[in-house]
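Enquirer: model this:
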Amino acid sequence: MAKTSEPTIIKKYANRRLYNTGTSTYVTLEDLAVMVKGEEDFIVYDAKTGDDITRSVLTQIIFEQEGKGQNLLPIAFLRQLIRFYGDSMQGLVPSFLEYSMTSLTQEQEKLRSQMSEAFGATAFEAIEDQVKRNTEMFERAMKMFMPFSAGDNAGASAAAPTKPARSEASDLDDMKQQLADMQAKINALSDKK
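Expert: Numbering: from 1, shown residues only. Reported below is the predicted structural model:
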C-alpha cells in the first residue's frame with residue numbers, strides 16, 4: 001500500500017481480529033510488523049470503545065518477535081525499564097528512549113554507508129570474498145604437505161630434493177609399501193607389551 005500523509009486506521013474487534021480500514025482486509029500482528037518496517041503509519045482503535053490501543057498492539061508485536069527468538073531487548077534493559085514505572089523519572093524515560101532510538105537510527109545509516117564505501121555494495125560480499133581467499137590459502141598450504149597430490153608436484157619439489165619423474169602407479173605402490181611397513185612396526189610394538 002502506498003504511503004499517505006494520514007495514518008491507516010486499524011480496528012481491533014472483540015474476537016481479537018484486526019481490520020485494516022485502508023485495504024478492507026483482516027490483518028495479523030505480523031502484517032502490522034511489516035507495515036512498521038515499511039514505515040507505514042497506523043493507529044489501532046478498539047472497535048467497541050473507540051480507545052486508541054496502538055501502544056499495546058505495538059508492544060504485542062515486540063512480545064511476539066522476542067518470543068520467536070529474535071531477542072533484541074536485553075534482560076537487564078527490560079528490568080531497568082520495569083523499575084522506571086511509578087518512579088519519579090518515569091516522565092523522562094519516553095523522550096529519552098525516543099531520542100536514543102532516533103540517534104541509533106541515524107548512526108545506523110552512517111554505519112551502513114561507511115560499510116558500503118569500505119567493502120562495496122554489502123558487507124556480506126566482503127566476508128564471502130575473504131572466506132574464499134582464506135580457503136584458497138588453506139588449500140595451497142595443504143598442498144605443500146601432500147607430496148603425492150594428483151597432478152601437482154609443486155609441493156613435492158619444494159619439500160624434497162629433485163627426483164626423476166615417476167608414474168602415479170609407482171607412487172601408489174610406494175605408499176602401500178610404507179603403510180605395510182608402518183603396520184608391521186605397530187604390530188611388533190604391540191607384541192612387545
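Enquirer: now the closest residue to residue 48 other than its chain neighbours. Its backbone dihedrals?
Expert: Nearest residue to residue 48 in three dimensions, chain neighbours excluded: residue 14, at 6.0 Å (C-beta to C-beta, 6 or more residues apart in numbering). C-beta coordinates here come from the backbone N, C-alpha and C atoms, glycine included. Dihedral pair for residue 14: phi -60, psi -30, per degrees, to the nearest 10.
Enquirer: please apply the same query to residue 43.
Expert: phi -130, psi 140.
Enquirer: so residue 22: helix, strand or coil?
Expert: State at residue 22, reduced to three classes by DSSP: H, G, I helix; E, B strand; the rest coil: coil.
Enquirer: excluding sequence neighbours, find me the nearest residue to it.
Expert: residue 8 (4.2 Å).
Enquirer: surely residue 40 and residue 8 touch.
Expert: Yes: between residue 40 and residue 8 there is a contact at 6.6 Å, judged by C-beta atoms under 8 Å.
Enquirer: who's in contact with residue 7?
Expert: 41, 42, 43 (C-beta atoms under 8 Å, 6 or more residues apart in numbering).
Enquirer: got a PyMOL select line for the buried ones in those?
Expert: Selecting the buried subset of the contacts of residue 7 in PyMOL, with 16 or more other C-beta atoms under 10 Å as the burial test, is done by:
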select buried, resi 42
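Enquirer: just put the contacts of residue 7 in TSV and tack on pLDDT and distance to residue 104.
Expert: Output for the contacts of residue 7, formatted as TSV (pLDDT from 0 to 100; distance: C-beta to C-beta, whole Å):
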residue	pLDDT	distance to residue 104
41	95	20
42	96	22
43	97	24
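Enquirer: ok, so of the contacts of residue 7, who is nearest residue 25?
Expert: residue 42 (13.2 Å; C-beta to C-beta).
Enquirer: buried residues in the helix or strand containing residue 95?
Expert: Per DSSP states H and E, residue 95 falls inside helix 93-119. The neighbour-count check on helix 93-119 (16+ other C-beta under 10 Å) flags nothing as buried.
Enquirer: where do the strands sit along this structure?
Expert: 8-12, 18-20, 25-27, 42-46 (DSSP state E).
Enquirer: distance to residue 111 added to these, as TSV?
Expert: Output for the strands of the chain, formatted as TSV (distance: least, C-beta to C-beta, whole Å):
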stretch	distance to residue 111
strand 8-12	31
strand 18-20	34
strand 25-27	32
strand 42-46	28
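Enquirer: out of these, flag the one nearest residue 183.
Expert: Set against residue 183 and scored by C-beta to C-beta, those come closest in strand 25-27, at 70.9 Å.
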